[in-house]
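K.L.:
sharing a model prediction with you, sequence too.
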Amino acid sequence: MKKVIILFYGALAYLIFLLAFLYAIGFVGNIYVPKTIDSGTEPSMLQAILVNTILLSVFALQHSIMARPKYKKWFTTFFSPAMERSTYILLSSLALLLIYWQWQPITVVVWNVENNIGFSILTGIFFLGWLIVLLSTFMINHFELFGLSQIFDNLKNKQTPNPKFQTNYLYKIVRHPIMLGFIIAFWATPTMTVGHLLFTIVTTVYILVAVKYLEEKDLQKFIGENYKTYQKEVPMIIPFTKRKQKT
């Protein structure tokens with residue numbers, strides 16, 4: 001019964017993630033969803049900046065703390081290891097839903113591209129960014145990344161092996177293509193408001209800092225010399241910024 005509960009728990013966490021991910025496209029792109037980054041009642045700029053910064057900080061803290069090996073070790077002393085990744089995904093998704101719900105718009109326009117060709121190009125780049133995010137998850141192991149492998153293995157009395165170090169497809173171009181996709185999607189917009197710009201700058205800075213000073217250090221410890229060699233040969237996020245060393 002416990003394993004069945006964990007299975008339903010992990011499946012629910014994944015469904016909430018899918019909802020949060022799909023809503024993110026509409027939220028950032030101002031399309032298809034009732035509450036977007038530029039919609040809603042606009043408060044004073046100071047209040048909006050304060051509230052939005054707090055919302056983004058909540059997500060950043062949750063994301064960073066729960067991704068660390070020390071937290072994972074602590075979690076698995078109280079709960080089944082099969083639940084760890086699903087719990088991370090669930091709370092990350094809930095933090096995103098909180099952002100969508102409580103985001104305060106600042107609709108002062110920074111730039112606005114009205115030319116049809118420019119509008120189409122930026123919109124296409126926006127969707128390309130989200131496509132890169134999604135495809136990159138399948139270039140490693142989408143089902144393990146979002147906790148599904150763990151809950152199904154647990155149901156079958158199997159222990160999910162540690163993730164394999166893979167450098168498939170986009171991972172040969174940058175070490176973190178998922179983060180590259182997010183950055184592209186956040187910046188590529190025909191209409192950039194102050195609120196959207198605040199969201200984009202804060203998330204971009206967080207991505208760069210968290211990846212360089214937290215995730216990369218964890219990967220060095222976990223993978224070892226192979227990852228250090230990978231770091232020397234493949235750029236972190238910006239493609240084609242490293243030359244291959246001659247042997």
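P.N.:
Arrived safely, thanks for sending. Residues are numbered from 1 along each chain as shown.
K.L.:
every contact and neighbour count from this point should use C-alpha atoms.
P.N.:
OK.
K.L.:
residue 72 against residue 84, yeah?
P.N.:
Yes - contact criterion Cα atoms under 8 Å: residue 72 and residue 84 qualify, at 6.9 Å.
K.L.:
looking at the two, which is more packed in?
P.N.:
residue 84 (22 against 16; other Cα atoms under 10 Å).
K.L.:
was I right about that one contacting residue 77?
P.N.:
No - using Cα under 8 Å, residue 84 makes no contact with residue 77, being 10.7 Å away.
K.L.:
quick one: the helices in this protein?
P.N.:
Remark: helices assigned in the chain by DSSP state H are 2-29, 45-66, 69-75, 84-102, 116-139, 142-145, 148-155, 177-187, 194-210, 216-223, 225-233.
K.L.:
contacting residues for the closest residue to residue 101 other than its chain neighbours?
P.N.:
Distances taken as Cα to Cα, 6 or more residues apart in numbering put residue 35 closest to residue 101, at 7.3 Å, once the chain neighbours are dropped. Residues in contact with residue 35 (Cα atoms under 8 Å, 6 or more residues apart in numbering) are 27, 100-101.
K.L.:
quick check, residue 144 in contact with residue 152.
P.N.:
No - using Cα under 8 Å, residue 144 is not in contact with residue 152, being 10.1 Å away.
K.L.:
for residue 43, which non-adjacent residue is closest in space?
P.N.:
In space, residue 43 is closest to residue 104, 7.0 Å off (Cα to Cα, 6+ apart).
K.L.:
give me the distance between the one you found and residue 228.
P.N.:
42 Å (Cα to Cα, to the nearest Å).
K.L.:
neighbour-wise, which of the two wins?
P.N.:
A direct count of neighbours by other Cα under 10 Å for residue 104 and residue 228 places residue 104 higher, at 26 against 15.
K.L.:
who's in contact with the more buried one?
P.N.:
Taking Cα under 8 Å, 6+ apart, one finds 37, 40-43, 48-49, 51-52, 195 in contact with residue 104.
K.L.:
which of those are buried, as a ChimeraX select command?
P.N.:
Provided next is the ChimeraX selection string for whichever of the contacts of residue 104 are buried by 16 or more other Cα atoms under 10 Å:
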select :37,40,48,49,51,52,195
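K.L.:
nearest to residue 172, of the contacts of residue 104?
P.N.:
Checking the contacts of residue 104 against residue 172 by Cα to Cα gives residue 37 as the nearest, at 33.2 Å.
K.L.:
phi, psi for that closest one please.
P.N.:
Dihedral pair for residue 37: phi -70, psi -20, per degrees, to the nearest 10.
K.L.:
and it, what's its pLDDT?
P.N.:
Note for residue 37: predicted pLDDT of 98.
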